[in-house]
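A.B. asks: only geometry, no sequence info:
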């Protein structure tokens, strides 16, 4: 049986404000899903809730990985169970080298039962693997010695996230706007890289505004999120439509969701103001 | 220098780190009764068969000690000076080979890894157990070049003129109450002389071990680096854990002459029942460089502010300070730079970490005296606080008596951010691994300044602190 990630009536609040209002989604390993939708509709929130960010409170529903409710699990346990998220804005960890960080991460994800203090992947073996992966992604070898996301350009951050995806080979990966801040060529390269590192064997949930990211990873399913719920699901043709024509038709077709979306945006603005 | 924290993580090695907490069964050859008075000081001087000038130096210092009040700043010192042993002589003779050292003491240092380090990468070693140096070595070729590396008691007998030129001159007994205490009851410590132009590639190391309960250790170190010479001196210190307090109060004086260079590295890992109240000061002359690398991980309370007085034009003083305070610990650490001449350059980089209710303070003084024109000084102090129970304070003092100078000061306090923690967890690291990684990253800029062996040691100690398994 193929691995399945199932999101059932998921409701999520941030600082007591409801963001997701009942999301249902089922993904199988090997499938690619595009998640689209206007700003503030809850796309990133869905990703962060799946990964277990402590600031995102699940107020209802379930997330099941092969039938097991992962809401009970800490983020590190979810990672070890095979869930990954490439972040839109990954944080810097000054003084920690990419290679050291990745060696810990890869060791833990590959040996989910590893106890603290037990051996890491042997250095020589790990270095070779990392070098090969970086070569495949056309990344400079120096990159491994830099501090995690510290002083990285936008493009470097995204490439570093893809490198982590490549090294950790999760069952399911959420890519949160892995195209944002990149120029068209860089987005194409990212798309190609995701395909090359075995994206087709994973279940991919690609949150994007950009059709270029889907070029090498054509989605079997396209979902549109609006006002904290998935209002439409279609195939690749839906993604194409939204890229060319925008969200006006969707907004008009789902006035309740649109109203919620506007309300959330207004709140955000108030919070900023 | 590349330091791989991943290489220090096997459970076997962590077991090995706990090596510090053990007691050696040894009677010693003489133990003075508890308490401090003129009789005890005379007894110490008698046993050492000291010249009259030294006996007088001690007794004068004792009067100063008695006349000075306890410091009202820094940490809380709850010490009963009459409830401490001030002198314990562990052996009759200092060993020239490890086989000359009594077996149980030799085994102690074997467990601490000293002979092994000596074989691998040290140019000379002094090992002090309680009050006396029990073992000493120096590479033969260095001795032939005129390098002196001996214990300070031996130096009083064998190099009195050289010693008296500086002893108590860099740090007079009247400097502070604990400098006075050390001056009264000092025993052991290193005496180093590096002749003109001699550059020593590998470090000289001293290791200080307290073994008995309620013990006081008062080593006294004097380092003279002559013109154009170069040395790196390293000290380590440990003790087993007891329920009563012990006291370690050292005085370290360093003279760095014209064009010479001295680096003094400390990795202090005292047990958490030890008061570590130490005075360290260097005088750097024309175009000389003095560097203090000061790592404070252990002790109940540390009060230590290594100082560089830049006495002549072109002198440089650099101080790197790392403090890690955990449960029941207070690290009141810092630095002192005094610009006494034109065109002098000083830098302080301080990193402190506080966890499990520990308290770290940075206390520093930058002083530019009149006439020290065109001096430059820069201070950076960063604090990392791991939980809400812990505390960090910064006490920067700046006294500038000259116009034409450049002074910088940056300070930051951060807490391990929720976002950093979540990021590492989302990659499969446990919370403990993630905290250790963030902390190691925080001090990485300092650790990479250490020679590799000490960088590895420092990372191991941080790891141990993070696990909270000290004592």
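C.D. replies: Nice, I can see it. Given the structure is predicted, the values throughout are model-derived calculations rather than measurements.

A.B. asks: and residue B:329, what does it touch?
C.D. replies: Applying Cβ atoms under 8 Å, 6 or more residues apart in numbering or on different chains, one finds that residue B:329 lies in contact with B:272, B:298-301, B:358-359. To be clear about C-beta, it is placed using only N, CA and C from the backbone, and glycine gets the same treatment.

A.B. asks: again, but for residue B:175
C.D. replies: Residue B:175 sits next to residue B:279 when contact means Cβ under 8 Å, 6+ apart.

A.B. asks: ok, so what distance separates it from residue B:370?
C.D. replies: Separation of residue B:175 from residue B:370 (Cβ to Cβ, to the nearest Å): 22 Å.

A.B. asks: that older thread, compare the contacts of residue B:329 and tell me which is most surrounded.
C.D. replies: Using other Cβ atoms under 10 Å in any protein chain shown as the neighbour test, the contacts of residue B:329 are led by residue B:298, with 30 neighbours.

A.B. asks: Quick check: that one touching residue B:267?
C.D. replies: No - with contact defined as Cβ atoms under 8 Å, residue B:298 and residue B:267 do not form a contacting pair (9.5 Å).

A.B. asks: Now do the shared contacts for these two.
C.D. replies: Residues touching both residue B:298 and residue B:267 by Cβ under 8 Å, 6+ apart: residue B:237.

A.B. asks: Tell me how many other residues surround the residue of the stretch 301-450 of chain B found nearest chain A.
C.D. replies: Evaluated by Cβ to the nearest Cβ, the stretch 301-450 of chain B has residue B:441 as its residue closest to chain A, separated by 2.9 Å. By other Cβ under 10 Å, 24 other residues sit near residue B:441.

A.B. asks: Can you pick out the most distant pair from the contacts of residue B:329?
C.D. replies: Greatest spatial distance in the contacts of residue B:329: B:298 and B:359, 14.4 Å, computed using Cβ to Cβ.

A.B. asks: Which residues are in contact with the residue of the stretch 301-450 of chain B closest to chain A?
C.D. replies: By Cβ under 8 Å, 6+ apart, the neighbours of residue B:441 are A:93-96, A:147-148.

A.B. asks: could the residues you listed go into TSV alongside secondary structure?
C.D. replies: Formatted as TSV, the contacts of residue B:441 follow (DSSP: H, G, I helix; E, B strand; the rest coil):
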residue	secondary structure
A:93	strand
A:94	strand
A:95	strand
A:96	strand
A:147	strand
A:148	strand
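
A.B. asks: Please list which of those are also close to chain B.
C.D. replies: Taking Cβ under 8 Å from any Cβ of the partner chain as the test, chain B is in contact with A:93-96, A:147-148 out of these.

A.B. asks: Please identify which helix or strand holds the residue sitting furthest away from the middle of chain A.
C.D. replies: Here chain A reaches farthest from its C-alpha mean at residue A:124, the gap being 30.1 Å by Cα atoms, centre = their mean. Element membership for residue A:124, per DSSP states H and E: helix A:123-136.

A.B. asks: just checking, what packs against that helix?
C.D. replies: Where contact means 3 or more Cβ pairs under 8 Å, 6 or more residues apart in numbering or on different chains; DSSP states H and E, helix A:123-136 is packed against helix A:98-110, helix A:154-168.

A.B. asks: In the stretch 51-200 of chain B, what residue spans correspond to strands?
C.D. replies: Applying DSSP state E, counting those that start in this stretch to the stretch 51-200 of chain B gives strands spanning B:88-89, B:124-129, B:132-138, B:148-151, B:190-194.

A.B. asks: Minimum distance to residue B:245: which of the ones you listed has it?
C.D. replies: strand B:88-89 (16.2 Å).

A.B. asks: Skip the chain neighbours and tell me the closest residue to the residue in the stretch 51-200 of chain A that chain B sits nearest to.
C.D. replies: With Cβ to the nearest Cβ as the measure, residue A:95 is the residue of the stretch 51-200 of chain A nearest to chain B, at 2.9 Å. Closest residue to residue A:95 apart from its sequence neighbours, by Cβ to Cβ, 6 or more residues apart in numbering or on different chains: residue B:441 at 2.9 Å.

A.B. asks: Do you know the pLDDT at that neighbour?
C.D. replies: As predicted, residue B:441 sits at a pLDDT of 92.

A.B. asks: measure it to residue B:424 for me?
C.D. replies: 10 Å.

A.B. asks: same check, this time on residue A:43
C.D. replies: Look at residue A:43 and residue B:424: by Cβ to Cβ, they are 24 Å apart.

A.B. asks: hang on, the earlier thing: mind checking which of the contacts of residue B:329 land in strands?
C.D. replies: B:301, B:359 (DSSP state E).

A.B. asks: Go ahead and confirm the residue of the stretch 51-200 of chain A closest to chain B touches residue B:437.
C.D. replies: No - using Cβ under 8 Å as the test, residue A:95 is too far from residue B:437 to be in contact (9.0 Å).

A.B. asks: for the residue nearest to the spatial centre of chain B, what are its contacts?
C.D. replies: The centroid of chain B falls nearest to residue B:266 when counting by Cα atoms, centre = their mean (4.3 Å). Residues near residue B:266 by Cβ under 8 Å, 6+ apart: B:234-237, B:292-296.

A.B. asks: what residues does the stretch 151-273 of chain A put near chain B?
C.D. replies: A:164, A:168.

A.B. asks: Do a quick rundown of the strands in the stretch 151-273 of chain A.
C.D. replies: Under DSSP E, counting those that start in this stretch, the stretch 151-273 of chain A gives strands at A:172-176, A:203-207, A:221-226, A:229-234.

A.B. asks: For the ones you listed, could you give me CSV that also reports distance to residue A:66 and mean pLDDT?
C.D. replies: Formatted as CSV, the strands of the stretch 151-273 of chain A follow (distance: least, Cβ to Cβ, whole Å; pLDDT from 0 to 100):
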stretch, distance to residue A:66, mean pLDDT
strand A:172-176, 10, 96
strand A:203-207, 11, 95
strand A:221-226, 19, 96
strand A:229-234, 22, 96
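
A.B. asks: CSV please, covering those strands and showing mean neighbour count and distance to residue B:313.
C.D. replies: Converted to CSV, the strands of the stretch 151-273 of chain A look like this (neighbours: other Cβ atoms under 10 Å in any protein chain shown; distance: least, Cβ to Cβ, whole Å):
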stretch, mean neighbour count, distance to residue B:313
strand A:172-176, 25, 58
strand A:203-207, 26, 62
strand A:221-226, 24, 69
strand A:229-234, 18, 74
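
A.B. asks: could I get these as CSV with distance to residue A:132?
C.D. replies: Formatted as CSV, these follow (distance: least, Cβ to Cβ, whole Å):
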stretch, distance to residue A:132
strand A:172-176, 20
strand A:203-207, 22
strand A:221-226, 32
strand A:229-234, 38
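
A.B. asks: And the helices in the chain?
C.D. replies: Just so you know, I chose chain A. Along chain A, the stretches classed as helices by DSSP state H are A:43-51, A:75-81, A:98-110, A:123-136, A:154-168, A:184-196, A:236-245, A:248-253, A:255-272.

A.B. asks: nope, chain B please
C.D. replies: B:11-17, B:38-47, B:52-67, B:103-111, B:114-121, B:140-144, B:152-158, B:160-166, B:177-185, B:418-425, B:431-447, B:452-467.

A.B. asks: Quick one: closest of those helices to residue B:310.
C.D. replies: helix B:160-166 (17.0 Å).
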